[in-house]
Each structure stands twice: as structure tokens, then as C-alpha cells.
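Undergrad: Coordinates for the following, if possible.
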Amino acid sequence: MDRVTSGWINGLIGVVIFSASLPATRVAVMQFDPVFLTVARATIAGGLAVFLLFVFRQKRPGRSDLVSLVIVALGVSVGFPLLTALALQHITSAHSIVFIGLLPLSTAIFGVVRGGERPRPAFWIFSTLGSALVAGFALTQGASASPTGDALMLAAIVVCGLGYAEGARLSRTLGGWQVISWALVLSLPVMIPLTVLTMPQTFTGVTLPAWLGLAYVSLFSMLIGFVFWYRGLAQGGIAAVGQLQLLQPFFGLALAAALLHETVTWTMVAVTVAVIVCVVVARRFARQERARLTAQPETSYTPSADASRGR
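TA: A predicted model of the protein is given here:
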């Protein structure tokens, strides 16, 4: 199997893993407090990250990387999980998945802010159109939707886009999965005490599905998914494999219907498709400038290579 094909396969596995995050969070938040769920998943994933970094003897990040790692931790490890957990107390996972169609756009916008890219005006036209479609969908739901849940999902998309863009920028020097691992480790001194403080007095009555939801978002959504995702980006190219993220709403809607028996309306599907079309066109107009700015070779880290160098 050639490197590019392997990259697409790894990227697809990562997207499928991320697609189950919202349905799993929806199941878990029915019986766990959203704050406890957020800090507990970060603590569990952070413990696994410590183990992996120690076993593979990964080099420590430099002082200049700390600010970026804090941004990644706040956006991906804390912000997005907490905001989505809070949102899913008000809306269904099927409804929330529509907003995920804006995640590639959010990441691209922060790529402009943090990476200095300058897309053409057509990029912003389709970006605005996609945002308007999502906002219009939320407004037309009326009593069946929650303005609070929608606002929380929009905030989650913003902070996650920032975390993805910052992580992608940092991965060029630090390595792919190492970025999320060090971000998780960096958050542990705060996450562990908060996990103890927010832990319920008793776990009596917590059912198996809730425990499975917690386990999934802790191990797969917070860490394992990033292993495949960043490996796919490194092997197949960020611009090419990154397009696979546009499939996430489709996978998520299918999982919400199959696992949670939630209703997926034709309007949800239509808006999701329309948003994806807008994002695809917008990214096409941004591709030329992004390619010029990212033409320099990126550093690709492998555990064996770092192990040979040691700490």
C-alpha cells in the first residue's frame, strides 16, 4: 500500500472516530454532569498520553511551544468537550451534528488569523453563505430547538477551530499526535483536581451505556482519533486528507439515527449538504494561497524516530 493511500485510510478512520463523539457525549451526559464529563475525559486521556509519551520517549516541547499547547488544550481538550456536553442537554446529537459542518470553515478562518493566509474574496462569500444556512436552520426550528443549545454549539465550533488550527501549525515542528498528547498532559494539573471535586457522591444508577459513552469520548475522541487523523494528514497531505472532515456530519447523522434512534429530518440532511457544498467551494478558492504558504516541507514524527533520539 502506498503512502498516499495509507494516508486516506488513516484520515477516514480518524473522521469516523470523531463522528461518534457527539452521539457518545449525548449518551454520557444523560447521567453524568457535563462539567464532570469534560474534566474526567481529559483526565483519562491525559493519563494515557503520559504513558505513550514515556514509552516512546518523545522529546519535550520547548518554552516557545507552551502558549500554542495551552490554546490547543483550551480549544480541543476542554472548550469543545465542555460546550458540546452543555449543548447536548438542550438539543439532540442529530441537531448538533449539523453545526459540525462548519468546523472545517472555522479551522480555515483561524488558519488565516494564525497562519497569515489571504484567501480570495470568493472564499468569504461562500463562508458567509454557509454560516447563514446554519443560522437560518437554527432559527426555523422554533420550539423544537433551544437557542441556548445552538449558541453553545456555535461557541464549540469556534474554539475547536482555533484548537485545530493551532495544533496543525504546531505539529509541523513538534509532531502530529504528540501535540494533542502534550496538550492533554499540560491540562492534567487542573483536570485531576476538578475531576475529584466534581465527581458525584455515588455512581449508583449509572447505566452501562453512560459508562461506554464516557469511555469512548475519553479514549477515542480525545486521543486515539487524533493518532489516525494526524497520521493521515502527514501521509496524504493536509489539504487533501483534510477534505475528509467534510464527511463527518453524514457519519454523525447516521450514527445518531442508528444508535440513539433519534429522528433525522430531511431539513437536517439538506442543510448539512448545503453547508458542505459551501465549505468545499470556499476551500477551493483558498487552496492556491494556502498551498503557497505551506509549500515548505513539514517535519513528520514517528515514535521509532523519536525513541532513537531520546528525550
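Undergrad: Would you list the phi and psi of the residue of the chain positioned farthest from its centre?
TA: Distance from the centre of the chain peaks at residue 204, with 31.2 Å (C-alpha atoms, centre = their mean). Here is the backbone geometry of residue 204 (degrees, to the nearest 10): phi -60, psi 130.
Undergrad: which ones are touching residue 257?
TA: Under the criterion of C-beta atoms under 8 Å, 6 or more residues apart in numbering, the neighbours of residue 257 are 94, 263-264. From N, CA and C alone the C-beta is placed, and that goes for glycine too.
Undergrad: For ChimeraX, write the select line for the buried members of the residues you listed.
TA: Restricted to buried positions by 16 or more other C-beta atoms under 10 Å, the ChimeraX selection for these reads:
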select :94,264
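Undergrad: Just send the contacts of residue 257 back as a markdown table, with pLDDT too.
TA: Shown next, in a markdown table, are the contacts of residue 257 (pLDDT from 0 to 100):
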| residue | pLDDT |
| --- | --- |
| 94 | 78 |
| 263 | 81 |
| 264 | 79 |
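Undergrad: Could you look up the SS state of residue 206?
TA: The three-state label given to residue 206 by DSSP: H, G, I helix; E, B strand; the rest coil is coil.
Undergrad: My guess is it contacts residue 33. True?
TA: No: applying C-beta atoms under 8 Å as the test, residue 206 and residue 33 come out as separate, 11.3 Å apart.
Undergrad: quick one, helices of the stretch 1-150 of the chain?
TA: For the stretch 1-150 of the chain, the helices defined by DSSP state H, counting those that start in this stretch occupy 3-19, 21-29, 34-55, 66-72, 80-87, 93-100, 103-115, 121-140, 147-174.
Undergrad: Figure out which of these is closest to residue 229.
TA: helix 3-19 (3.2 Å; C-beta to C-beta).
Undergrad: which of the residues in the closest one are buried?
TA: Residues of helix 3-19 classed as buried by neighbour count (16+ other C-beta under 10 Å): 7-19.
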